[in-house]
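*Asks:* Give me a 3D structure for the following:
(one chain, ligands or ions: 1)
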Amino acid sequence: MSDAIVIIPTYNEIENIESIIRAVFSQQKDFHVLVVDDNSPDKTGEKVKALQVEFKDQLFLLERKEKNGLGVAYISGFKWCLEKTYQYIFEMDADFSHNPDDLIRLYNACAIDGADISVGSRYVKGITVVNWPMMRILLSYGASRYVRLITRMKVKDSTAGFVCYKRAVLEAINLEKIKFVGYAFQIEMKFKAHKKGFNIVEIPVIFKDRTKGKSKMSGSIISEAIFGVISLKLKSLFAK
Ligand SMILES: Nc1nc2c(ncn2[C@@H]2O[C@H](COP(=O)(O)OP(=O)(O)O[C@H]3O[C@H](CO)[C@@H](O)[C@H](O)[C@@H]3O)[C@@H](O)[C@H]2O)c(=O)[nH]1
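*Replies:* Modelled structure (predicted):
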């Protein structure tokens with residue numbers, strides 16, 4: 001039994017799913033993988049099922065009926081992992097924008113160096129993003145500055161989706177009360193962990209834009225993040 005599992009949320013990732021799973025299983029450390037698929041029309045889930053024959057005790061699939069957003073998919077993944085004995089629970093995209101070779105660096109930050117959460121961060125050493133359109137960089141970097149200004153969190157890459165959580169963090173956060181369904185979910189999780197006093201450490205990584213498949217970014221995801229951060233901050237003030 002491994003102590004670490006990587007949750008990979010998927011919606012139409014047929015072109016990436018097999019290679020990303022193999023890349024995780026080729027690491028020196030024995031990571032498990034949980035794919036949370038939202039009934040992808042391109043049959044990503046079927047591909048995972050076929051791979052489960054080969055990776056029987058390491059690869060798991062959580063099938064959801066419909067696409068309800070990244071946050072909702074991750075929450076169901078977290079709950080699944082908390083029912084097992086995993087101590088380190090990761091978030092990672094399916095599309096290789098996060099390098100699976102960095103998993104061990106995030107793991108060591110928590111398992112050896114004492115972080116409660118380690119974040120694969122694009123903004124600790126300048127802006128380490130490759131091939132993203134300038135508009136996406138400005139949006140993402142602008143969002144991270146905006147979040148810091150409003151929330152006073154020190155985390156530089158609050159929207160990052162490459163994260164290792166110690167089990168205790170996910171147990172301490174009330175997952176039923178996570179409000180955001182899109183990428184703002186990433187901000188909400190970090191903010192709630194920060195408010196609870198958990199130690200969040202950023203590990204510099206290089207984020208590469210996907211070469212296969214399409215991003216699921218949309219206007220509603222952006223507006224949820226803009227207004228959501230203000231509501232998070234206000235709620236935390238009234239909660240005092
Ligand atoms: N199950 C499920 N998976 C989803 C959904 N939306 C996106 N995903 C999956 O979540 C991962 C990231 O989605 P992308 O659409 O590739 O994200 P991106 O535009 O590259 O956005 C990146 O930047 C965001 C903002 O900084 C990050 O928040 C995000 O995690 C990611 O790193 C992919 O594996 C994708 O299939 C959904 O509704 N349901």
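*Asks:* got a list of what residue 204 touches?
*Replies:* 121, 124, 125, 128 (C-beta atoms under 8 Å, 6 or more residues apart in numbering). Where you see a C-beta, it was placed from the backbone N, CA and C, and this is true even at glycine.
*Asks:* in the sheet, who's paired with it?
*Replies:* Using DSSP bridges, the bridge partners assigned to residue 204 are residue 121.
*Asks:* buried stuff in stretch 27-37?
*Replies:* In terms of neighbour count (16 or more other C-beta atoms under 10 Å), stretch 27-37 has its buried residues at 27, 31, 32, 33, 34, 35, 36, 37.
*Asks:* Would you mind checking the average pLDDT for that stretch?
*Replies:* Confidence over stretch 27-37 (mean pLDDT, whole number) is 98.
*Asks:* before we move on, back to that, any chance of JSON lines for the contacts of residue 204, columns distance to the ligand, pLDDT and secondary structure?
*Replies:* Putting the contacts of residue 204 into JSON lines (distance: C-beta to the nearest ligand atom, whole Å; pLDDT from 0 to 100; DSSP: H, G, I helix; E, B strand; the rest coil) gives the following:
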{"residue": "121", "distance to the ligand": "11", "pLDDT": "98", "secondary structure": "strand"}
{"residue": "124", "distance to the ligand": "14", "pLDDT": "95", "secondary structure": "coil"}
{"residue": "125", "distance to the ligand": "17", "pLDDT": "89", "secondary structure": "coil"}
{"residue": "128", "distance to the ligand": "13", "pLDDT": "97", "secondary structure": "coil"}
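*Asks:* Now name the helix or strand holding the nearest residue to residue 182 once chain neighbours are set aside.
*Replies:* Once flanking residues are discounted, residue 182 sits nearest to residue 221: 3.7 Å by C-beta to C-beta, 6 or more residues apart in numbering. In this structure, residue 221 sits in helix 219-238 according to DSSP states H and E.
*Asks:* if we can go back for a sec, which of the buried residues of stretch 27-37 sits closest to the ligand?
*Replies:* Nearest to the ligand, judged by C-beta to the nearest ligand atom, of the buried residues of stretch 27-37 is residue 36 at 5.1 Å.
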